[in-house]
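Q: Test case, fold it:
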Amino acid sequence: MGEGNEGSTSSQQNPSVEEKKQQPAAPAQAPAPAQRAPVTAAPPATAARPAAPAPRPAAAPAPTPARPSAPKDSGRRAFLKLALIGSALLSIIPFVPWGTFLSSSVTAGGATQYYLQKLVIDDNPSEWGAAAGLQVNVNDLTTFPPNTAWIFTYPTSGDPTVDAENPNTFQKFELIRLPESLGGANKTAADFVAYSKVCVHLWCSPNYIPTAQQYQCPCHGSIYQLPTLDPEGQPIDAGKAIAGPASLQPFPTNAIPMMTLQADSDGYLYVFYPNLDPRTQTATTPPSGVAGGAIEGDGTIGYGRDYKSYQNFILPCAGVPANVKDLSEAP
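A: Got it, this is the predicted structure:
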């Protein structure tokens, strides 16, 4: 009984020991997951690490896009600079005329030319009032007062009405009676200057501004001066460009073309055939050329002239009385 009890006791104890042995084995497995759990928690930390370098590539590419943008900006700037330079060059490069207007003989319009043409104001009363349609007389300070301007047509069609309706700027000239301070009341042909209505820059149409006493182009601001007085009080350099793109153009495209004016013994004003010298050229002598060349004379319409020709050619011719025999047709 006792042994059986012991055997049973031991057998009962042995299973308990085995259970105890097996029970600790279960806790041994339990900690394992607990230890693995941090291991599994580590991957998130590892996953977070790649996120940390993310700023690094972001910082590195940041300069990279900035570099291509700089060339684009500099490219745009370069383009704008080139455009500005190009426009500046275009503004100062002379606009060389072509076609019939290249000739200094002013044949545009097909009108008959004469050695002498009466200087008649365009017959437009709304513009020129009492002077409209009249031949200018240097003695008439009422109808043609100093520091005033009018438009006339050269060459004329012979019909004042047709001339007044002629829109061809290359046949239009602005007659300016100089201010009294420049001799505009002396009652001679030298009281007047006749400037082309074609600017030598880009062929716009300048106008005389009495308040400024300047011949101004409204398109790009070119300004041509009236005669100035040298130290001896002699008028010089009429029509020279003193401001705007025309003043930046090379000789001879920095002066407005002018007409040669004369007055007869009665004071009536005439235009002499362009570029011929009335001191030597008459209707009885064939054309023998020009006075020193077209540019040195009256100039070429749309191109320019030597601005010194005012004192060297145009002004001296104004002092010679018009020879009415030269009203014959020019060749």
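Q: can you list the domain ranges for this structure.
A: The record assigns the chain these domain ranges, following automatic domain parsing: 47-92, 100-327.
Q: So which of those domains is the most surrounded?
A: Of these, the one with the most neighbours on average (mean count of other C-beta atoms under 10 Å) is domain 100-327, at a mean of 19. C-beta coordinates here come from the backbone N, C-alpha and C atoms, glycine included.
Q: pLDDT (mean, whole number) over that one?
A: Computed over domain 100-327, the mean pLDDT rounds to 88.
Q: ok, now which ones touch Thr188?
A: Applying C-beta atoms under 8 Å, 6 or more residues apart in numbering to Thr188 gives the contacts Val138, Ala263, Ala318, Gly319.
Q: could those residues go into CSV alongside distance to Tyr273 and secondary structure?
A: CSV is the format used below for the contacts of Thr188 (distance: C-beta to C-beta, whole Å; DSSP: H, G, I helix; E, B strand; the rest coil):
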residue, distance to Tyr273, secondary structure
Val138, 20, coil
Ala263, 16, strand
Ala318, 15, helix
Gly319, 18, coil
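Q: Helix or strand for the nearest residue to Arg279 once chain neighbours are set aside, just tell me which one.
A: In space, and not counting its chain neighbours, Arg279 is closest to Val320: 5.5 Å by C-beta to C-beta, 6 or more residues apart in numbering. Assigned by DSSP states H and E, Val320 falls within no helix or strand.
Q: give me the beta-bridge partners of Tyr137?
A: Tyr isn't right for residue 137; it's Asn. Beta bridges link Asn137 to Tyr268, judged by DSSP bridges.
Q: what are the ranges of the strands in this protein?
A: Secondary structure of the chain (DSSP state E): strands located at 116-118, 148-153, 172-177, 192-196, 207-209, 214-216, 223-225, 228-229, 235-236, 241-243, 260-263, 269-272.
Q: which one of these lies closest to Trp128?
A: Trp128 sits nearest to strand 148-153 of all these, at 5.2 Å, using C-beta to C-beta.
Q: Kindly calculate the angle that the closest one makes with strand 172-177.
A: Strand 148-153 runs at 150 degrees relative to strand 172-177, counting by axes from the mean of the first three to the mean of the last three C-alpha atoms, to 10 degrees.
Q: for stretch 149-157, how far is the first residue from the last?
A: 22 Å (C-alpha to C-alpha, to the nearest Å).
Q: Same check on stretch 151-164?
A: Its start and end residues considered, stretch 151-164 measures 9 Å (C-alpha to C-alpha).
Q: Residues touching it, excluding its own?
A: So stretch 151-164 is contacted by 106-107, 109, 111-114, 117-124, 127-128, 132-133, 166, 171-175, 194, 197, 259, 271 (C-beta under 8 Å, 6+ apart).
Q: wait, doesn't the residue nearest to Arg279 sit right on Gln262?
A: Yes: here Val320 reaches Gln262: they are 6.3 Å apart, a contact under C-beta atoms under 8 Å.
Q: shared neighbours of these two, which are they?
A: With contacts taken as C-beta under 8 Å, 6+ apart, Val320 and Gln262 have Pro278 as neighbours in common.
Q: returning to that earlier point: and the residue nearest to Arg279, what is it in contact with?
A: Taking C-beta under 8 Å, 6+ apart as the test, what Val320 contacts is Gln262, Pro278, Arg279.
Q: Distance to Gln311 added to these, as JSON lines?
A: Formatted as JSON lines, the contacts of Val320 follow (distance: C-beta to C-beta, whole Å):
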{"residue": "Gln262", "distance to Gln311": "17"}
{"residue": "Pro278", "distance to Gln311": "16"}
{"residue": "Arg279", "distance to Gln311": "15"}
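Q: Check the gap between Asp306 and Lys240 for me.
A: Relative to Lys240, Asp306 is positioned 10 Å away (C-beta to C-beta, to the nearest Å).
Q: Repeat that for Ser181.
A: Separation of Ser181 from Lys240 (C-beta to C-beta) stands at 18 Å.
Q: before we move on, what about Val200?
A: 11 Å.
Q: So for the two, which residues contact both of them?
A: Jointly contacting Val200 and Lys240 under the rule C-beta under 8 Å, 6+ apart are Asn254, Ala255.
Q: Quick check: phi and psi on the residue lying closest to Ala130 once chain neighbours are set aside?
A: Nearest non-adjacent residue to Ala130, counting by C-beta to C-beta, 6+ apart: Thr143, 5.3 Å away. When read as degrees, to the nearest 10, the backbone of Thr143 gives phi -70, psi -30.
Q: Tell me which residues touch Thr143, please.
A: Taking C-beta under 8 Å, 6+ apart, we find Thr143 in contact with Ala130, Ala131, Leu134, Asn137.
Q: between those, which is closest to Tyr208?
A: The closest of the contacts of Thr143, once distances to Tyr208 are taken by C-beta to C-beta, is Ala131, at 14.1 Å.
Q: Is the closest one in contact with Phe144, as I believe?
A: Yes: Ala131 is in contact with Phe144 according to C-beta under 8 Å; the separation is 6.2 Å.
Q: Common neighbours of the two, please.
A: Common contacts of Ala131 and Phe144 (C-beta under 8 Å, 6+ apart): Trp150.
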